[in-house]
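**Student:** here you go, sequence then predicted model.
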Amino acid sequence: MHIKIASIAALAVALSSCGSISRGTSENMVISALPNDAKVTTSLGHMCPQSPCTIKVERKAEFTVFAEKEGYKPGRLDVKTKISDGGAAGFAGNILVGGIIGMGVDAATGAALDHYPNPAYVVLEPIDSKNPKTPVIPKPVVETPKKKTAETPSV
């Protein structure tokens, strides 16, 4: 009985420490273009008739987002990958449990990676900025979450 419980616990630890299993090999990307009803395509072949939209992409794939709308210059944005905090933890978990094989799988699948920027914004410039039908749109302010630091009690 104890061996069975220990085996299940070891399997749970092994599966939770592998990035390919805990995070998956694909990620949802939110893409917004301004103006909102611009058509969005990607270099990976995705197409959204109008923004905003969500696409599913392989974690290891870097790509370019294209947006277009009549009266505006075409826009583009390169989407890159980076090792995320969660991905690094899963990758490091392989050292404890998954070993070289788990590390190789996570590296090959990109399971330790996240896309940035996500969400992605493409702001289109009007061809004629004086035309009221194609107004200039300010770029959105995207704040990155601040990491919480431990508070020190005041004395």
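**Tutor:** All right, it came through fine. Computed from a predicted model, the values in this text were never measured in an experiment.
**Student:** where in the chain is pLDDT low?
**Tutor:** 1-23, 84-111, 141-155 (pLDDT under 70).
**Student:** all strands for it, in order.
**Tutor:** Shown for the chain, the strands assigned by DSSP state E span residues 26-34, 39-42, 47-48, 53-58, 63-68, 75-83, 113-116, 120-123.
**Student:** each with direction, which strands does the third one pair with?
**Tutor:** On the basis of DSSP bridges, the sheet neighbours of strand 47-48 come out as strand 39-42 (antiparallel).
**Student:** got a list of contacts for the partner strand?
**Tutor:** Surrounding strand 39-42, the residues in contact under the criterion C-beta atoms under 8 Å, 6 or more residues apart in numbering are 31, 33, 46-51, 53, 55, 57, 63-69, 122. (Each C-beta comes from the backbone N, C-alpha and C, glycine too.)
**Student:** the residues you listed, buried ones only, as a PyMOL selection?
**Tutor:** Only the buried entries of these go into this PyMOL selection, using 16 or more other C-beta atoms under 10 Å:
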select buried, resi 31+33+46+48+51+55+57+63+65+66+67+68+69+122
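**Student:** residue ranges for the helices of the chain, please.
**Tutor:** Taking DSSP state H to define them, one finds helices in the chain at 2-17, 19-22, 85-93, 99-109.
**Student:** what's the local residue count around Pro35?
**Tutor:** Around Pro35 there are 17 other residues, counting by other C-beta atoms under 10 Å.
**Student:** correction: Ala38
**Tutor:** By the criterion of other C-beta under 10 Å, Ala38 has 24 neighbours.
**Student:** and what of Thr54?
**Tutor:** Neighbours of Thr54 under the rule other C-beta under 10 Å: 11.
**Student:** who's in contact with it?
**Tutor:** Neighbouring residues of Thr54 by C-beta under 8 Å, 6+ apart: 28-31.
**Student:** could you redo the last one with a cut-off of 7 Å?
**Tutor:** For Thr54, the contacting residues are 28-30, taking C-beta atoms under 7 Å, 6 or more residues apart in numbering as the criterion.
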